[in-house]
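>>> pasting the sequence and the predicted model now:
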Amino acid sequence: MTDYVLVHGAWHGSWCWARVRRLLTAAGHQVFTPTLTGLGERSHLLSRDVGLDTHVADVTNLMAWEDLRDIVLVGHSYGGAVVRHVADRMPDRIRSLIYLDAFVPENGKSLFDYMPDGGNVMRQLATAHGDGWKIPPMPAAQFAVNAADTAWVDRQCTIHPLSSCETQARISGACDSIPTIGYILARGYDGPFGQFYAKAAERRWWREELPCGHDVMLDVPNELTAFLLQRA
C-alpha cells in the first residue's frame, strides 16, 4: 500500500480529486486530498492572512499529524508551488514528487513571475471583483475543462487569495533531492506550463503528456491514475 497526498490548484478543493481518489483507493492505496485553507468547503476561513505559507502548513501539518512517510506527493497547477515547498521542508518523508500541469517556482520567484503578463490580469480581477486581495474563479472553459464538467466546475470553484500568487518562493533545493520526480503536461491547454515541462527535461525528471485540458484529474482520471500508480 502506498500513501498518496494530492494537492489541488487555485480556486479548487478536495472535490476535484474525487474520481482519482476512488480509483487509487480501489487499488488498495491510502489517499489524502486536503482542501487548502480558504478554498472549497473551507472557503469560510478565507482572510487576508491566508496565503502560500498557510497552504504549505496545511499539507506539512497533515503529513506530520497523520505520520505519513514514503509518500507520493502530487501538486496540480498552483498546488505545484505548495508541494515544492512541502518537499523542501520534509524531503525525507517523500518517495515520489509529481507536478501535474503545475508551477515549479525557483527560489525568489513568485507564480506571477512565470505568467506572460506578470499577473496583471489577476490583479485587475482582484481589484474589480475581490476587494483588491481575492481573485474570483476563472471560467472552467478557459482552462479547456471537458464540456460535461464545465458548469459543475464553475459552481464548485471559489475565490483564491491574491497574495499566494505574489509570494516569492523560499526554496533551499532539498526538494530536488527527492528520489523520483516527474512532470505531467496537459497538452490540450495552452497555459504557462510548457516552460516547466522543458525544465523538467533539463533536470532529467521523468515526463509524461496527456491530451486533455488543465483539470487533468477530471478530464482523464483513468489515464492519470495509471501514471500515478506506474510512477510511484
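Yep, it's here.
>>> elements contacting the longest helix along the chain?
Looking across the chain with DSSP state H, the single longest helix is helix 52-65. With contacts taken as 3 or more Cβ pairs under 8 Å, 6 or more residues apart in numbering; DSSP states H and E, helix 52-65 sits against strand 3-7, helix 79-89, helix 163-166. Yep, even glycine has a C-beta here, placed from its N, CA and C like the rest.
>>> hmm, 7 Å instead?
With contacts defined as 3 or more Cβ pairs under 7 Å, 6 or more residues apart in numbering; DSSP states H and E, helix 52-65 has these neighbours: strand 3-7, helix 79-89.
>>> helix or strand for the most far-flung residue of the chain relative to its centre, just tell me which one.
Ranked by distance from the centre of the chain (Cα atoms, centre = their mean), the top residue is Ala128, with 25.6 Å. Element membership for Ala128, per DSSP states H and E: helix 120-129.
>>> before we move on, what about Leu24?
helix 18-26.
>>> report the buried residues of the helix or strand following that helix.
Next helix or strand after helix 18-26 toward the C-terminus (DSSP H and E): strand 30-32. Neighbour-count burial for strand 30-32 flags Val31, Phe32 (criterion: 16 or more other Cβ atoms under 10 Å).
>>> in its sheet, what does strand 30-32 sit against?
Sheet pairing of strand 30-32 (DSSP bridges) gives strand 3-7 (parallel).
>>> report the angle between the partner strand and helix 18-26.
170 degrees (axes from the mean of the first three to the mean of the last three Cα atoms, to 10 degrees).
>>> run the chain-centre distance for strand 3-7.
Offset of strand 3-7 from its chain centre (Cα atoms, centre = their mean, to the nearest Å): 11 Å.
>>> list the buried ones in it?
Within strand 3-7, the residues scored as buried using 16+ other Cβ under 10 Å are Asp3, Tyr4, Val5, Leu6, Val7.
>>> next: stretch 18-32.
Within stretch 18-32, the residues that qualify as buried are Arg19, Val20, Arg21, Leu23, Leu24, His29, Val31, Phe32, counting by 16+ other Cβ under 10 Å.
>>> got these as a markdown table, with distance to Asn120 and pLDDT columns?
Output for those, formatted as a markdown table (distance: Cβ to Cβ, whole Å; pLDDT from 0 to 100):
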| residue | distance to Asn120 | pLDDT |
| --- | --- | --- |
| Arg19 | 34 | 98 |
| Val20 | 33 | 98 |
| Arg21 | 36 | 98 |
| Leu23 | 39 | 98 |
| Leu24 | 38 | 98 |
| His29 | 41 | 97 |
| Val31 | 37 | 98 |
| Phe32 | 35 | 98 |
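>>> can you list those residues in CSV and add distance to Pro179?
Below are those laid out as CSV (distance: Cβ to Cβ, whole Å):
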residue, distance to Pro179
Arg19, 28
Val20, 22
Arg21, 24
Leu23, 24
Leu24, 20
His29, 18
Val31, 20
Phe32, 20
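>>> and the residue farthest from the centre of the chain, how far is that from Gly28?
Ala128 sits at a distance of 48 Å from Gly28 (criterion: Cβ to Cβ, to the nearest Å).
>>> could you list the low-pLDDT ranges of this protein?
Within the chain, not a single segment meets pLDDT under 70.
>>> Met90 and Asn61 touch, don't they?
No. The pair Met90 / Asn61 is not scored as a contact, 10.7 Å apart, by Cβ atoms under 7 Å.
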